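> give me a model of this one.
(chains A and B)
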Amino acid sequence: MKGLLRWLKLVGRNKALLLMVLPGFVWFLLFCYLPMPGALIAFKDYQFSRDGFLASMIESKWVGFKNFEYLFKTEDAYLIVRNTLLYNAAFIILGTLFAVLVAIVISEIANKKLAKIYQTGMFLPHFLSWVIVSYFVFSFLSVDKGVLNQFLTWIGADPEFWYTETKFWPYILIIVNLWKGVGYGSVIYLAAIVGIDKSYFEAAMIDGASKWQQIRNITIPMITPIIVIMFILAVGGIFRADFGLFYQVPRDTGALYSVTNVIDTFVYRGLKVTGNIGMSTAAGLYQSVVGFILVLVTNFIVRKINKEQALF
Amino acid sequence: MRKSVLLVLTFIMLASIALAGCSSGSKDTKSSEGTKDTGTTDTQVTPEKKEDPVTLLWYTIGGPQKDQDKVLTEVNKYLQEKINVKLDMKVIDWGDYSQKMQVIAASGEPFDIAFTSSWAFNYVEGARKGYFLELDELLNQSGQGIKEVLNPAFLEGSKVNGHNYAIPTNKELPAQAVWRFNKNLVDKYKLDITQATMLESLAPMLKAVKAGEPDVYPIPSNIGMYLPFDFALEGIPVGVPMNTTDFKMVNIWESVEAKQVFKTMREYYQAGYLPPDVATKQGNDFEKTGKWLVDKQHTVPFADIQWTESMKYPIVSTPIHEPLVFNWSVTGSMQAISAKTKYPKQAMEFLNLLNTDKYLRNLINNGIEGVHYKRLTADTYEPIPDSGYSMPSFTLGNMFLLDKLKADPADKWEQYKKFNDSAKNAPLLGFQFDPTNVMTEIANVKNAVDEFGPSFNTGSVDPEKMLPKAIEKLKAQGIEKIIAEAQKQLDAWRASK
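All right, here's what the predicted structure looks like:
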C-alpha cells in the first residue's frame, strides 16, 4: 500500500515527462509488444483456421526449427550474412562519422539561416523512397544513357557496364546510403551540440583555445554519450538490411547478387513463390534474436570500458 | 535540467527511428497484425432479419476507380431487387493485391468474395491453406447458371485435391505464346513473319532490321524465353517436356532445349540485337517509342487488334506453339468465397448472377450508361474517356456477356469459344504440385534462379561458361530434392487417375 502511494507520488511528480513518453509507449505496446506472441508462428506450420487468427495459431502443428532451415541450408547462407553484417557495419561506422561531422560543421556555421538551408538540403533525401533513389542512380549508371558513361566516353575512356560489374557495388551502395541517411542522422547530434552549455566554449575562448581545440575537447566529449547510445541501438539492427537499398538500387540484377544479396532480399526472393508465413516469421525472429544478443554484448563491452555511458 | 530534457528529446527521436524500423521492416509484425484484427471479425454485420439485405464484401484487383461508389449504388439497387444482396466492392491495385490479400486472408480478416488466380493471390496455395470455401455442393445448389455457361474444362482444370475452391472466369482457356512484331518495321524490311516458328528462325529478320536501323534494338527487353516444358511450379525450372510420354520431371536448365535457347540468345546479344544492359531493363517503354521489332507475348483471339489499338501503330503476330491448356491458364482469373463467410449461399447467388446476367456484368465492368460509356448498338458501346470508371474486363466474371467495342469483330466471343475448343491439354493439366515438403529447397533454388535466369534469357552471359556453374548452384540449393518430390507426387496423381 505504502509502496503504491510512493509510486503514485513519483508518477505525479514526473507527469510531464511521462506524458511525453506516452505516445511512443503506446505505439510500442500496440505494434511491437502485442504482436510478439506471433513470433511463435516461426515454429509452426501455419494453417488457416475458420475461427480466426488466434485459433489458426493454436491449431497449427509445431514443426520445431524446420522453418529456419532455408536460412542455413543454402550455399548463400554465408554470403548473405556476410553482406548484411559488413554493409551494416560500414553504414554504422561511416554513418556515425559523417553524421557527427556534418552536425559539427552545421553548428559552427555562423549564419544560422544558411545553416538551416544546408541542414534541410541534407535532410531531404531521407524522404525519398528507394524506388525513386534507384532511378536517380540509374540515370547515372545506365550503360547507354547514364551520366557517368557519357562522361567516360567524353574523356576518351571506355564506358563501364555498371550493372554487371560487382566490384563497384560496395562503394555505390555505401555512398547512396550515406547520401540518403547522413542528414537525418546528424539531427540528433546537432540537437546534442546545441544543448551543450555555452559557458564551456566561452571559458575555452577566454583561455585562447582554437576552434579545433574546442571541438576536440568540448564538443566531442560532450556528445560522446549520445554517440554511444546511438551506436548500441544501431548494432541491434545490424542483422536487418535495408530492403529498398539492396533490392531497388541494384535493380534486382542477378549478376550483382554476390555483393547485393542480403538476408532481407534473400528471404523476399525465396518466399515470393510460396508465400510461407512461418518461414518469413522465422527470418524476422532470427534477425531480432541476433540483434538482441548483439545489443547486450555491445552494452556489456561499453559497460566494461565506461559504466556511465552504457545504455543499461 | 537541461541534460534531462536533452535525454528525453534524444529518446523520442530514437523511438521514432525504432518505430520507423518496426513498421517498414519485418514481416513478422505484418503477419501478426492479425492479433488485433481478430477483435473486429464479428463486428461485420450481425445476423440479418429476413427482409434486410446481406452485404457482401468483395475484394478484387485493378486500379481504384473514382466513381466506384456511384456505380455500386446502381449495382446495389439491382442486386437488392434480384437476390436481396448488397455489395461492398474493394479494389486493390495490381501491384499490392497479392501481398494485401495474403495478410487479410492469413490473419482472418473478414471478406466474402475475393479475386484469386495463378499470378496474383495464388489460388492453389490459398485453397490448400484453407482460405477458400469448398464449392462443390454450393455450385450445384446456387451456381447452376455458372455450370451452364462455363466451359467444363475450367472447373475440371481448377480442382485442388479433387474439389473446386473458386469460380473461374469464362474467358480464353488455353495459352498460346506468339512472336509479336512491330508491323512498321516488318513492312519496311519486307519480312515474312510466317517464317518465325522458332527462336532461331528470327535471325535473318533481326539481322536485316539491325543493319537498316542501327539505333534500334530489335529485341527490346528481357522478353522471357519460351521453353517447351510444363512447369510444376511457376518460377522454378522443374517440369516435364511438353511432348512427354513417360512423365519424367527434369531440371529444365539441363535440357538440350534450354541450352539451345540460351546459346541462341547469346549470339543475338553479341550481334547487338538486344540492348547492352537488357538484363536490368524494366518496363515496356519500347512500346511507346516504337523502336523494336519483336517480343514474346501470350495471345487471345483478336489480340493483334487490341495491341494495335493500345500502341497506336500496327502489330502482327505469329504463334510459337499451338494453344495449350495449362494449370495456370485455367486458373488465370477466378473468384473465391471466403472459408469464413457467413453468407456462402448469397455469395454464390451473386457470383451466379455475375456470370449469367448481362446487365449486371456490364454495369460492374463499364459503369453507368451515359456517364461512363455511350451505347452504340444493342451489344456495342464506347467508353467515355476519363469518366472515372472502367474495370479490367477479365478479372470479374464471364467475359462472353460483355458488350463489345466498336472495333471488335461481331463474332468476338464465338471466336473465343472456337479458340477454347481448339486447345490441347498440357501434360500437367490438373496436377497441382504441393510444395510443403520442399519449402526450404524452393526458397533457396528461387534465389539461384533469380540470380542467373535473366542473364541467360537475355544472352548477357556466356552459357558455355556460366550454365554449368548455374546448374551446379541449383543442385547445391537442392533442386534434385524438388524434382524427386514432384516426381513422387506426379506418379501418385497419375496412378489415381
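> residue of chain A closest to chain B, please.
Proximity of chain A to chain B (CB to the nearest CB) peaks at A:G38, 2.6 Å away. For glycine as for every other residue, the C-beta is placed from the backbone atoms N, C-alpha and C.
> burial of B:M225, as a residue count?
The burial count assigned to B:M225 is 19, neighbours taken as other CB atoms under 10 Å in any protein chain shown.
> need the phi and psi values for it.
Backbone torsions of B:M225, given as degrees, to the nearest 10, read phi -80, psi 150.
> next one: it from chain A, what distance?
15 Å (CB to the nearest CB, to the nearest Å).
> check B:I113 too.
Distance of B:I113 to chain A, given as CB to the nearest CB: 16 Å.
> okay, and residue 81 sits in which element?
No chain was given, so I picked chain A. Remark: A:V81 resides in helix A:77-108, with elements defined by DSSP states H and E.
> ah, no, chain B please
For B:E81, the secondary-structure element it belongs to, assigned by DSSP H and E, is helix B:68-83.
> what lies in contact with the helix or strand following that helix?
The helix or strand immediately downstream of helix B:68-83 is strand B:85-92, counting by DSSP H and E. In this structure, residues lying in contact with strand B:85-92 by CB atoms under 8 Å, 6 or more residues apart in numbering or on different chains are B:53-65, B:68, B:72, B:75-76, B:79-80, B:100-101, B:346, B:349-350, B:364, B:391.
> for stretch B:464-483, same thing?
For stretch B:464-483, the surrounding residues in contact (CB under 8 Å, 6+ apart) are A:73-76, B:232-233, B:236-238, B:249-251, B:253-254, B:259, B:262-263, B:438, B:440-442, B:444-445, B:447-449, B:451-452, B:455-456.
> and stretch B:235-246, by the same measure?
When contacts are taken as CB under 8 Å, 6+ apart, the neighbours of stretch B:235-246 outside the stretch itself are A:272-273, B:228-232, B:247-253, B:255, B:257-258, B:321, B:324, B:426-428, B:442, B:445-446, B:449, B:474, B:479, B:482-483, B:486, B:490.
> run the chain-centre distance for that stretch.
Chain-centre distance of stretch B:235-246: 21 Å, with CA atoms, centre = their mean, to the nearest Å.
> and it, which residues are buried?
Within stretch B:235-246, the residues that count as buried by 16 or more other CB atoms under 10 Å in any protein chain shown are B:236-242, B:244.
> next: stretch B:173-190.
Applying 16+ other CB under 10 Å to stretch B:173-190 flags B:173-183, B:185-186, B:189 as buried.
> CA atoms of it as PDB?
Coordinates of each C-alpha in stretch B:173-190 appear next as PDB, following Å, rounded to 0.1, in the frame of the first residue of the first chain:
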ATOM      1  CA  LEU B 173      -9.000 -21.200 -71.800                       C
ATOM      2  CA  PRO B 174      -5.600 -22.100 -73.300                       C
ATOM      3  CA  ALA B 175      -2.400 -20.100 -73.500                       C
ATOM      4  CA  GLN B 176      -0.600 -19.600 -76.700                       C
ATOM      5  CA  ALA B 177       2.700 -17.800 -77.000                       C
ATOM      6  CA  VAL B 178       3.300 -15.700 -80.000                       C
ATOM      7  CA  TRP B 179       6.100 -13.600 -81.500                       C
ATOM      8  CA  ARG B 180       4.700 -10.100 -81.700                       C
ATOM      9  CA  PHE B 181       6.000  -7.800 -84.400                       C
ATOM     10  CA  ASN B 182       6.100  -4.100 -84.900                       C
ATOM     11  CA  LYS B 183       4.400  -4.100 -88.300                       C
ATOM     12  CA  ASN B 184       6.000  -0.800 -89.400                       C
ATOM     13  CA  LEU B 185       9.400  -2.400 -89.400                       C
ATOM     14  CA  VAL B 186       8.100  -5.700 -90.800                       C
ATOM     15  CA  ASP B 187       6.700  -3.900 -93.800                       C
ATOM     16  CA  LYS B 188       9.700  -1.600 -94.200                       C
ATOM     17  CA  TYR B 189      12.100  -4.600 -94.500                       C
ATOM     18  CA  LYS B 190       9.600  -6.900 -96.200                       C
END
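> so how far is that stretch from its chain's centroid?
The chain centroid and the centroid of stretch B:173-190 are separated by 22 Å, computed with CA atoms, centre = their mean.
> same thing with stretch A:104-118?
In terms of CA atoms, centre = their mean, the gap separating the centre of stretch A:104-118 from the centre of its chain is 26 Å.
> report the angle between the helix or strand hosting A:L178 and helix A:77-108.
Using DSSP H and E, A:L178 falls within helix A:169-194. Here helix A:169-194 runs at 40 degrees with respect to helix A:77-108, directions being taken by axes from the mean of the first three to the mean of the last three CA atoms, to 10 degrees.
> and the next helix or strand after helix A:169-194, what does it pack onto?
Following the chain from helix A:169-194 toward its C-terminal end, the next helix or strand by DSSP H and E is helix A:198-206. Packed against helix A:198-206 by the contact rule (3 or more CB pairs under 8 Å, 6 or more residues apart in numbering or on different chains; DSSP states H and E) you find helix A:211-214.
> need the next SSE after the helix it packs on, C-terminal direction.
Moving toward the C-terminus from helix A:211-214, the first helix or strand encountered (DSSP H and E) is helix A:220-236.
> mind listing what's buried along the next helix or strand after that following helix?
Counting by DSSP H and E, the element after helix A:220-236 in chain order, helix or strand, is helix A:243-247. Of all the residues in helix A:243-247, those buried under the rule 16+ other CB under 10 Å are A:243-247.
> closest one to B:D411 out of those, please.
In terms of CB to CB, no member of those lies closer to B:D411 than A:Y247, at 46.7 Å.
> tell me who's in contact with the closest one.
A:130, A:264-265, A:268.
> go with 6 Å
Counting by CB atoms under 6 Å, 6 or more residues apart in numbering or on different chains, A:Y247 makes contact with A:T265.
> check B:Q102 too.
A:G275.
> if you set the cut-off to 7 Å instead, what comes out?
Taking CB atoms under 7 Å, 6 or more residues apart in numbering or on different chains as the criterion, B:Q102 is in contact with A:275, B:121.
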